[in-house]
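Q: show me how the following folds:
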Amino acid sequence: MIDFLISSAHANDAAAASTEQSMMSILMLVVLFAVFYFLLIRPQQKRVKEHKALVEGVKKGDEIVTFGGVLGRVTNVGDAFVDLEIANNVTVKVQKQSIANIMPKGTMADA
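A: Purely as a prediction, here's the structure:
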């Protein structure tokens, strides 16, 4: 009879330890997801939002640089493309999404 009580007590301890381990595993997954969210996902969403605002704000006469490193002045703005004058009488058409940055006025004169 005493053996039954002792083995029953050990079984309860093992079940409690197993439950505690599974709760710790779940807690670690939640913490890992929170770290990924705040260090990777959220900053990337912020950068995408800023780039979208930059692209939507491009207007004729702006001097821009593309992700490919091409510097030019915007001559025409369309829905998906902009015409970019990179030299006198040399115009190329680039996608709006390829715009990396809007440069200060006079940047092309210095280049």
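Q: tell me the contacts of Lys60?
A: Val74, Thr75, Asn76, Val77 (CB atoms under 8 Å, 6 or more residues apart in numbering). Where C-beta positions appear, they are placed from N, C-alpha and C, glycine not excepted.
Q: repeat the analysis, applying 10 Å as the threshold.
A: Counting by CB atoms under 10 Å, 6 or more residues apart in numbering, Lys60 touches Arg73, Val74, Thr75, Asn76, Val77, Val82, Asp83.
Q: report the separation between Gly61 and Thr107.
A: Applying CB to CB, to the nearest Å, the value for Gly61 to Thr107 is 13 Å.
Q: shared neighbours of those two, which are they?
A: With CB under 10 Å, 6+ apart, Gly61 and Thr107 have common neighbours Arg73.
Q: neighbour count winner among these two?
A: Thr107 (14 against 10; other CB atoms under 10 Å).
Q: burial measure for the closest residue to that one other than its chain neighbours, as a count.
A: Excluding the flanking residues, the one nearest Thr107 by CB to CB, 6 or more residues apart in numbering is Glu63, at 5.0 Å. Counted with other CB under 10 Å, the neighbours of Glu63 add up to 20.
Q: for Glu63, which residues make a bridge with it?
A: Arg73, Met103 (DSSP bridges).
Q: I figured it hits Ile99, correct?
A: No: with contacts counted by CB atoms under 10 Å, Glu63 stays clear of Ile99, the gap being 11.1 Å.
Q: and the residue nearest in space to the middle of the chain, what helix or strand is that in?
A: For the chain, the residue nearest the mean C-alpha position is Gln44 (1.8 Å; CA atoms, centre = their mean). Per DSSP states H and E: Gln44 is located in helix 42-56.
Q: appreciated, that's everything.
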